[in-house]
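Enquirer: 3D model of this:
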Amino acid sequence: MIDPKYFYEVLYDNGVDFFTGVPDSLLKEFCAYISDTCNEKDHVICANEGNAVAMGVGSFLATGKVPLVYMQNSGLGNAINPLLSLADNAVYGIPMVLLIGWRGEPGIKDEPQHAKQGMVQNDLLQAMKLPYTVISSETKDVEKLIKEIVDKAAANSSPVAIVVKKRTFSEYKSSNKKEECFSLSREEAIKTILEADNTYSIVSTTGKTSRELYEVREKRGEISQDFLTVGSMGHSSSIAAGIALRLPEKKVMCIDGDGALLMHMGALPVIGKLAPRNFVHVIMNNQCHESVGGQSTAVDNLDLELLARAAGYNKYFVANDKEELSKCIKEIDSSKGPVFLEVRVKKGSRSDLGRPKSTPAENKVSFIKKLRDL
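Expert: Numbers count the residues shown, from 1 in each chain. Okay, the predicted model is just below:
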């Protein structure tokens, strides 16, 4: 395996001193090391991968040094536009190193949302004419490899990618533990919402939120009846808003996360402008990207009430514990939407948290049956 500290130092020795991206579970050891090592001006966790590419472009324009942009391969779609229409040497010619976690690698067990992305990932890079090198725990002569990659990016004035296989980096424990601000767990918050009002058609965001919602339903003896957005981070609110617009007689709720909210925050003013009266947007705010390593988001620097009201949401509620949350859900029932509910939850989840037993296709069918009263 490759030691994250060693990997960072080799990059730094080759002039790479700016790091930006969106966290990925395959890169979490490396991300944790740079979070511990770099100051906030040398390491920026962005809202989405396209933002990160643009941030890297800005760093290069300012310094002339090759930046590193990291991401999960599912985020490559967010990055394609600025990579091809901005950084490519047919346009501005901006060198950068892309560090891409290879989720859904063929032959390696992974979650269903990563299967197609993992299968076509390298074909996408080839179609983009973006040179790439695959590394793994077996990769030798890392110093030579990184020097060649950084030199190629600089010589060609264009991005070059490093594709990272599962378990490439050795374990690294972050020493920078942020103090916990909140006491309510996300799973307990989901349970409280269902206990207070179980009449909503629910769309839940990707990651542990959907897994916990599925298990809460199981413990309640209920068949899974929610739309579990296993991929496409940041789009759950738009899915839910589309349902609310087309079925105005249904009560629709999106259970979102703070990282997902930031990733495609442009959805908020669209929802506010459309003003679906039957729509409730719940943000489980733990101020981190928990599912991929617990890295901080920028939500701790954001007033969600001001954001919601500026975007055109009709009401804003906030809950810090079960009692407040239960009260909010009951008050929301008599409120005209769109409604924004911030639920402040602590980091972490059960170590034995499972995954949905149904496939995404089966989940879709059961959700449609309930939604359309079939």
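Enquirer: which residue ranges form the helices in the stretch 101-250 of the chain?
Expert: 115-127, 142-156, 186-196, 208-219, 236-246 (DSSP state H, counting those that start in this stretch).
Enquirer: Could you list the low-pLDDT ranges of this structure?
Expert: 177-180, 291, 293, 374 (pLDDT under 70).
Enquirer: domain assignment for it?
Expert: 4-164, 186-371 (automatic domain parsing).
Enquirer: now the helix or strand hosting Leu61 and helix 142-156, what's the angle there?
Expert: Here Leu61, judged by DSSP states H and E, is contained in helix 49-63. If you take axes from the mean of the first three to the mean of the last three CA atoms, to 10 degrees, helix 49-63 sits at 80 degrees to helix 142-156.
Enquirer: by contact count, what packs against helix 49-63?
Expert: Judged by 3 or more CB pairs under 8 Å, 6 or more residues apart in numbering; DSSP states H and E, the packing partners of helix 49-63 are strand 19-21, strand 68-72, helix 76-82, strand 96-101. All C-beta spots, glycine's among them, are computed from the backbone N, C-alpha and C.
Enquirer: neighbouring contacts of the shortest one?
Expert: With contact meaning CB atoms under 8 Å, 6 or more residues apart in numbering, strand 19-21 is reached by 31, 34, 38, 42-46, 49, 52, 55-56, 59, 67-71, 99.
Enquirer: hmm, which of those residues are the buried ones?
Expert: Neighbour counting by 16 or more other CB atoms under 10 Å classes 31, 34, 38, 43-46, 49, 52, 55-56, 59, 67-71, 99 among those as buried.
Enquirer: where does His281 land in three-state SS?
Expert: Following DSSP: H, G, I helix; E, B strand; the rest coil, the label given to His281 is strand.
Enquirer: which one is Gln295 nearest to, not counting chain neighbours?
Expert: Nearest residue to Gln295 in three dimensions, chain neighbours excluded: Pro23, at 4.4 Å (CB to CB, 6 or more residues apart in numbering).
Enquirer: Over to Cys46?
Expert: Using CB to CB, 6+ apart, the nearest residue to Cys46 is Ala52, at 4.1 Å.
Enquirer: rewinding a little: now distance to Ser174 too, for the domains of the chain, in TSV please.
Expert: Formatted as TSV, the domains of the chain follow (distance: least, CB to CB, whole Å):
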stretch	distance to Ser174
domain 4-164	4
domain 186-371	8
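Enquirer: Of the ones you listed, which is nearest Asn176?
Expert: Closest to Asn176 of the domains of the chain, according to CB to CB: domain 4-164, at 5.0 Å.
Enquirer: start to end distance for that closest one?
Expert: End-to-end span of domain 4-164 (CA to CA, to the nearest Å): 12 Å.
Enquirer: before we move on, what about stretch 230-237?
Expert: Stretch 230-237 end-to-end distance (CA to CA) = 13 Å.
Enquirer: What of stretch 224-239?
Expert: End residues of stretch 224-239 are separated by 18 Å (CA to CA).
Enquirer: That stretch: which residues count as buried?
Expert: 224, 226-239.
Enquirer: Show me which pair in those is furthest apart.
Expert: Within the buried residues of stretch 224-239, Ser224 and Gly234 form the most distant pair, 22.6 Å apart (CB to CB).
Enquirer: what about Pro356, neighbour count?
Expert: 21 (other CB atoms under 10 Å).
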